[in-house]
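[1] Predicted model and sequence follow; I will ask about them next.
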Amino acid sequence: MIKKLTTILLSIVFNFTFAQIEKEVVPPFNIKTVSFTQNGNNVIPFFRLGEQFQIEFDDLYGNEADYYYTITQCNYDWTPSILAKQEYLNGIDNQRIMNYLNSYNTLQQYSHYIQEFPNRFNSITKSGNYIIKVFNDEQELVFSRKFIIYEDQIGVQLSIRRSRSFDTLNEKQNIELAINYGESYLQNPKENVKISIFQNGNFKTTIQNIKPQYTIGTELIYRYNNETQFWAGNEFYTFDSSNIRITNNSVAMVTAGDIYNSHLYTNYSRKNKVYTYFPDFNGNFIIRNIGAVENEDIESDYTWVYFTLDAPDFFSNENIYINGMFNNYSISEENKMNYNKEKGVYEKAILLKQGYVNYQYVIANTNGKIDYKNAIDGNFYLTENQYDVIVYYRANNERYDRVIGKARNNSETIRN
């Protein structure tokens, strides 16, 4: 009996110690426009417990293939939690996505899939980090996406300030926050409360593992000088293909073949230029076809979008990529630019669904690590960015990390 208990305990310790961090899997070429939505709009995937949301995507093969999904709860560090699935899921997953429609009146055929949560088969019963995995009918993983379910249990005050460090005074934005847990009983809050800070919904640049500096009554105060700073970047570029047949202030030329081709105006490196405010969606995108009759999700077409970047000051062994929420800030071959020696510019064509799309150029090494400090378009503390703070809590006797609060603010309110 003792030997059996020892074996079980060692197994638990082994699984806890060597649990692998869940990472998002980039979809293959035929899977496009993966997005979490609410009220028909793409959103950053932070949802209140019990709130309705959807995950949507297109399959360019358009053959009504069968796809299935699973939901896994994760700890604060994105390792799988030790809870059994029935402890955080009411019902069962590994269900087929049965809501899909085929494209209508488009040159590029595709099947559009929508999975709503909660649904008649399952609903999430606990807050926390989650990852949804989508499989094909051969149970091969096609792609995965992270999302967060939160509760409104405590108050969070979030403010954005200019960097206090002299060397990054004009280039970084500093996040300060105060967590007020009021009458809520939290065991050892300085150790058991954790935070994650997000810039423009990008999971890849999250700041974590920051402890409160001090407490005032029932408030946890975070007023660091360096630990909670982000490179400010520059405003995202935007192109408009909502009317896929015409040019506009972002599309210089439109050509047609099997599908339409949208050639954007050349973008020029803004690193050494004066900052100019230009409204954007903070990296987001909007699916839009002004000629759609009933359903833009299936009446919006795909177009080859040709990007051109003139960056003569960029001399590096690193690569330039195009990203934004439209590709989940991915660093992949599909988004890597090629240098045209004859023209002296960087070029890339990406197949995208028509609408309004924010995008940016980033520098990354062969390991996919992005160099934000030497950004192609520079870093300006006046840049308008959106910040979210997620607050986690695990009591001494609990087995998973709850999300007990969320706050959002915009650097338009930045202070010195």
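    Thanks, I have the structure now. Residues are numbered from 1 along each chain as shown.

[2] make it CA atoms for all contacts and neighbour counts henceforth
    Noted.

[3] who touches residue 279 in this structure?
    When contacts are counted by CA atoms under 8 Å, 6 or more residues apart in numbering, residue 279 touches residue 235.

[4] Quick check: phi and psi on it?
    As for residue 279, its main-chain torsions (degrees, to the nearest 10) stand at phi -60, psi 140.

[5] Next one, pLDDT for it please.
    pLDDT recorded at residue 279 is 90.

[6] Relative to residue 416, how far out is it?
    22 Å (CA to CA, to the nearest Å).

[7] Also residue 259?
    50 Å.

[8] the more surrounded of the two?
    Ranked by neighbour count (other CA atoms under 10 Å), residue 259 and residue 416 place residue 259 first, with 14 against 10.

[9] What is the neighbour count of the closest residue to that one other than its chain neighbours?
    Excluding the flanking residues, the one nearest residue 259 by CA to CA, 6 or more residues apart in numbering is residue 107, at 5.6 Å. As a burial measure, residue 107 scores 15 neighbours (other CA under 10 Å).

[10] tell me the contacts of residue 107?
    Contacts for residue 107 (CA under 8 Å, 6+ apart) come out as 258-259, 301-302.

[11] roughly how far apart are the residue nearest to residue 44 when sequence neighbours are not counted and residue 329?
    Excluding its sequence neighbours, the residue lying closest to residue 44 (CA to CA, 6+ apart) is residue 201, at 5.5 Å. To residue 329, residue 201 is 10 Å away according to CA to CA.

[12] And residue 131, by the same measure?
    17 Å.

[13] picking up where we left off before, with neighbour numbers in mind, choose between residue 201 and residue 329.
    residue 201 (24 against 21).

[14] if I pick that one, what's in contact with it?
    When contacts are counted by CA under 8 Å, 6+ apart, residue 201 touches 44-45, 325, 386-388.

[15] out of those residues, which is most surrounded?
    Counting neighbours by other CA under 10 Å, residue 325 comes out on top of those with 24 neighbours.

[16] Looks like that one contacts residue 236 (just checking).
    No: counting by CA atoms under 8 Å, residue 325 stays clear of residue 236, with 11.0 Å between them.

[17] doesn't residue 187 make contact with residue 396?
    Yes: with contact defined as CA under 8 Å, residue 396 reaches residue 187; the gap is 7.0 Å.

[18] Comparing those two, which residue is more hemmed in?
    residue 187 (14 against 10).

[19] Per the annotation, how does the protein divide into domains?
    For the chain, automatic domain parsing gives the domain ranges 23-150, 155-193+209-231+391-413, 237-364.

[20] Quick check: end-to-end length of the last one?
    Distances were taken as CA to CA; on that basis the terminal residues of domain 237-364 are 19 Å apart.

[21] Over to the second one?
    Here the two ends of domain 155-193+209-231+391-413 are set 19 Å apart, with distance taken as CA to CA.

[22] Could you find the closest non-adjacent residue to residue 151?
    With CA to CA, 6+ apart, the residue lying closest to residue 151 is residue 404, at 4.8 Å.

[23] Report the buried residues of the helix or strand where the one you found lies.
    Assigned by DSSP states H and E, residue 404 belongs to strand 402-410. The neighbour-count check on strand 402-410 (16 or more other CA atoms under 10 Å) flags 402-407, 409-410 as buried.
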